[in-house]
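In: Structure for the following, please:
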Amino acid sequence: MKIPCSALAGVVLLAVTSGLSCAEELHLNFALLHNPVWATADNLRDPSVLKTPEGYHLFYSRLAGKTWASPGSWTVAEALTQDFVHFEGDHDVSAKGYASPGDVVFWHGRYLLPYQTYPSTPTQLCFSESPDLHAWSAPKAFLPEARTLPWNTLQRVIDPTLIVEGDTLHCYFIGSTNVTDAAGKTLRANLLGHAITHDPKLEHWEILTPDAPLLGVSASAPDGVENIMIFRTGKDWTMIYSEGLVNQHLALAVSSDLRAWQPQGPLELPRQKWMARKYGAPFVWREGGQWVMILMGEDAVGKTTFGLLTSPDGKHWTLLPE
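Out: Numbering: from 1, shown residues only. Model (predicted):
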């Protein structure tokens with residue numbers, strides 16, 4: 001079995017037990033790349049990357065066709081690439097009616113891939129497990145108590161993100177409520193929750209946000225946050241997330257302990273054509289001496305594709321040329 005020698009989402013260092021050594025790991029040639037790095041006939045959303053010696057496993061939400069409200073339009077899918085030029089083995093990992101894959105982590109002897117039911121209600125957090133990153137189990141529901149938190153008034157739970165911290169598994173998730181904007185209009189707002197477990201089966205959780213969310217409505221995000229990504233930067237943790245729903249953009253927060261977060265404000269990016277309408281759902285990993293982000297962008301006609309950015313510190317980002 002091949003286990004990544006790079007950090008899983010910047011969190012856990014694992015050894016390679018077979019295949020290429022860490023010194024022989026793949027490295028991207030950015031001079032060959034331009035944005036968007038991947039576009040297909042489908043709408044590509046919610047990317048998540050796991051780098052292994054055999055390549056970059058790219059998990060994503062596949063929206064086939066334009067019928068957003070139909071469960072039959074949605075699957076969690078995966079492709080493998082060694083260079084972000086050629087993509088192989090593009091296939092569905094889940095049955096229809098699932099979306100939004102989060103960080104793949106190695107936990108108690110197997111890989112976990114978190115995602116959610118979508119768009120049928122009520123939504124539910126799920127995970128699949130795999131011994132080898134190739135054969136994935138059927139979805140298993142987890143953390144159902146997140147749906148009934150007092151601040152999650154719409155009883156909606158989406159966008160799971162897993163972080164391994166020693167013998168603790170963190171799950172960040174999104175709940176929803178209705179808010180009234182300055183014009184008196186009712187909006188759905190997304191709010192960030194947090195739970196932890198020490199249970200290998202993910203059946204018993206402690207919710208750390210029972211009475212209020214970690215992040216939510218603000219002046220720059222009147223309809224809240226979603227699609228968070230957390231990675232270690234020096235002594236602290238950095239969170240990059242989608243801020244706002246209608247006017248979506250990226251924002252930053254930092255933490256020393258994964259529990260208390262200090263928002264740092266929006267992360268401003270220049271617009272390229274593939275992200276002209278909006279952008280979000282960031283995912284970050286370490287590549288040599290820098291950070292790499294894959295980002296979902298929506299163009300002027302509503303097509304969603306993926307592009308790449310680089311950063312020396314996880315806070316200041318440069319888009320690859322278009």
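
In: residue contacts, residue 144?
Out: By CB atoms under 8 Å, 6 or more residues apart in numbering, residue 144 lies in contact with 124, 125. The way it works is simple: take the backbone N, C-alpha and C, and place the C-beta from them, glycine included.

In: Show the model's pLDDT score for it.
Out: What the model reports as pLDDT for residue 144 is 97.

In: ok, so what distance separates residue 159 from residue 48?
Out: Distance, residue 159 to residue 48, using CB to CB, to the nearest Å: 11 Å.

In: which residues do those two both contact?
Out: Overlap between the contact sets of residue 159 and residue 48, as judged by CB under 8 Å, 6+ apart, is given by residue 102.

In: Can you give me the neighbour number for residue 166?
Out: By other CB atoms under 10 Å, the residues close to residue 166 number 7.

In: what does residue 29 give?
Out: When neighbours are counted by other CB under 10 Å, residue 29 registers 10.

In: That one touches residue 83, doesn't it?
Out: Yes: under the criterion of CB atoms under 8 Å, residue 29 makes contact with residue 83 at 6.8 Å.

In: Rounded mean pLDDT for stretch 100-109, please.
Out: Mean predicted lDDT for stretch 100-109 stands at 98.

In: What residues of that stretch count as buried?
Out: 100, 101, 102, 103, 104, 105, 106, 107 (16 or more other CB atoms under 10 Å).

In: Quick check: can you name the pairing partners of the host helix or strand of residue 126 and their directions?
Out: Here residue 126 sits within strand 125-130, counting by DSSP states H and E. As defined by DSSP bridges, the strand partners of strand 125-130 come to strand 110-117 (antiparallel), strand 140-141 (antiparallel).

In: Could you look up the SS state of the most centrally placed residue in the chain?
Out: The centroid of the chain falls nearest to residue 102 when counting by CA atoms, centre = their mean (4.3 Å). Of the three states, residue 102 takes coil under DSSP: H, G, I helix; E, B strand; the rest coil.

In: got the end-to-end distance for stretch 89-96?
Out: Stretch 89-96 has an end-to-end distance of 18 Å (criterion: CA to CA, to the nearest Å).

In: which of the residues in it are buried?
Out: 90, 93, 94.

In: For the strand or helix carrying residue 196, name the packing helices and strands.
Out: Here residue 196 sits within strand 186-197, counting by DSSP H and E. Packed against strand 186-197 by the contact rule (3 or more CB pairs under 8 Å, 6 or more residues apart in numbering; DSSP states H and E) you find strand 168-180, strand 206-207, strand 225-233.

In: who does the last one pair up with?
Out: Just to be clear, that refers to strand 225-233. Going by DSSP bridges, the partners of strand 225-233 are strand 236-243 (antiparallel).

In: Likewise for the shortest one?
Out: Strand 206-207 sits in its sheet next to strand 186-197 (antiparallel), going by DSSP bridges.

In: so the partner strand versus strand 168-180, what angle?
Out: 170 degrees (axes from the mean of the first three to the mean of the last three CA atoms, to 10 degrees).

In: Apart from its neighbours in sequence, what residue is nearest residue 108?
Out: Nearest non-adjacent residue to residue 108, counting by CB to CB, 6 or more residues apart in numbering: residue 200, 4.0 Å away.

In: For the one you found, give its distance to residue 129.
Out: Residue 200 is 10 Å from residue 129, by CB to CB.

In: Compare the two and say which is more crowded by neighbours.
Out: residue 129 (18 against 12).

In: sorry, back to before: so for the strand holding residue 126, what's the average pLDDT?
Out: Mean predicted confidence for strand 125-130 is 98.

In: give me the beta-bridge partners of residue 163?
Out: residue 170.

In: Now do the same for it: its pLDDT.
Out: 98.

In: neighbours of it, just the number please.
Out: Residue 163: 24 neighbours (other CB under 10 Å).

In: Go ahead and confirm it touches residue 170.
Out: Yes: taking CB under 8 Å as the definition, residue 163 is a contact partner of residue 170 at 4.2 Å.

In: who are the neighbours in contact with residue 90?
Out: Residues counted as contacts of residue 90 (CB under 8 Å, 6+ apart) are 40, 77, 78, 79.

In: how about 6 Å then?
Out: residue 79 (CB atoms under 6 Å, 6 or more residues apart in numbering).
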